[in-house]
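**Q** Sequence and predicted model, in that order:
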Amino acid sequence: DAKTTQPPSMDCAEGRAANLPCNHSTISGNEYVYWYRQIHSQGPQYIIHGLKNNETNEMASLIITEDRKSSTLILPHATLRDTAVYYCIVRGYNAGNMLTFGGGTRLMVKP
Amino acid sequence: DVKVTQSSRYLVKRTGEKVFLECVQDMDHENMFWYRQDPGLGLRLIYFSYDVKMKEKGDIPEGYSVSREKKERFSLILESASTNQTSMYLCASSSPGQGDQPQHFGDGTRLSIL
């Protein structure tokens, strides 16, 4: 699986959009971009994933650049409950079975 | 919504005990996984299963075994608990498929071995 790079921490004001970047410059054509988050003392929570096109669900939007070398997770109206560590993962179609979490971005939503 | 339920959030056991961690999912997923998560080491795969009575070793199976007698239930067994097995244990499940099927996690069991 391709390696990802994320900023170690970010702050966001409550009610504003949180934009979390991820670089995956070595991504290959059959690899998906996944986002998970982990709130302290809980299991990882799946957020969204995509291959080429931008994706949106009830939790977030995923914007993938045309060259697929980077992506941005957007939480449109961040709340205090969105404070968590966010992990960007690139996973191949034939990647095998385990997930590998890197360092992630610690998002702090402030009142 | 997918629901993966782990039997205990916190568990304290003694060295040498046989420990059972239970995981149940309600989405009829074929695939189930056991990970452990430790600070600085990230997520490490212990065992996984693609079907009932089927199991495959992950990266760190030593000291562990698993059981999958029913599709919805995947149990992790610590045969003789040791202090280095103190960790957060996470169960996950997913539909069949490869990279395009997300894994859904339970809330984890924080296990302490004294």
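**A** Cool, the structure landed. Numbering: from 1, shown residues only, chains lettered A, B, ... in the order given.

**Q** Parallel or antiparallel, list what pairs with the helix or strand of chain A with the lowest mean pLDDT.
**A** Among the helices and strands of chain A, strand A:84-92 carries the lowest confidence by mean pLDDT, DSSP states H and E, at a mean of 89. Note on strand A:84-92: by DSSP bridges, its sheet partners are strand A:31-38 (antiparallel), strand A:105-110 (antiparallel).

**Q** As TSV, these with mean pLDDT and mean neighbour count would be great.
**A** For every residue, glycine as well, the C-beta is placed using N, CA and C. Below are the strands paired with strand A:84-92 laid out as TSV (pLDDT from 0 to 100; neighbours: other C-beta atoms under 10 Å in any protein chain shown):
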stretch	mean pLDDT	mean neighbour count
strand A:31-38	92	23
strand A:105-110	96	17
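
**Q** As CSV, these with distance to residue B:30 would be great.
**A** Formatted as CSV, the strands paired with strand A:84-92 follow (distance: least, C-beta to C-beta, whole Å):
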stretch, distance to residue B:30
strand A:31-38, 19
strand A:105-110, 32
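
**Q** Those: which one's closest to residue B:37?
**A** Across the strands paired with strand A:84-92, residue B:37 has its closest neighbour in strand A:31-38 (8.7 Å, C-beta to C-beta).

**Q** contact partners of the closest one?
**A** Contacts of strand A:31-38 with the rest of the structure, by C-beta atoms under 8 Å, 6 or more residues apart in numbering or on different chains, involve A:1-2, A:20, A:22, A:24, A:27, A:44-51, A:60, A:62, A:64, A:68, A:71, A:73, A:82, A:84-93, A:95, A:99, A:101, A:104, B:99-100, B:102.

**Q** Would you mind checking these for buried ones?
**A** Listed as buried from the contacts of strand A:31-38 are A:1-2, A:20, A:22, A:24, A:27, A:44-50, A:60, A:62, A:64, A:68, A:71, A:73, A:82, A:84-92, A:95, A:99, A:101, A:104, B:99, B:102; burial here means 16 or more other C-beta atoms under 10 Å in any protein chain shown.

**Q** which ones among those are found in strands?
**A** A:20, A:22, A:45-50, A:62, A:64, A:71, A:73, A:84-92 (DSSP state E).

**Q** any residues touching stretch B:93-106, and which ones?
**A** Applying C-beta under 8 Å, 6+ apart, the set of residues contacting stretch B:93-106 is A:30-32, A:34, A:43-46, A:49, A:51, A:91-95, A:99, B:2, B:4-6, B:23, B:25, B:27, B:29-33, B:50, B:74, B:90-92.
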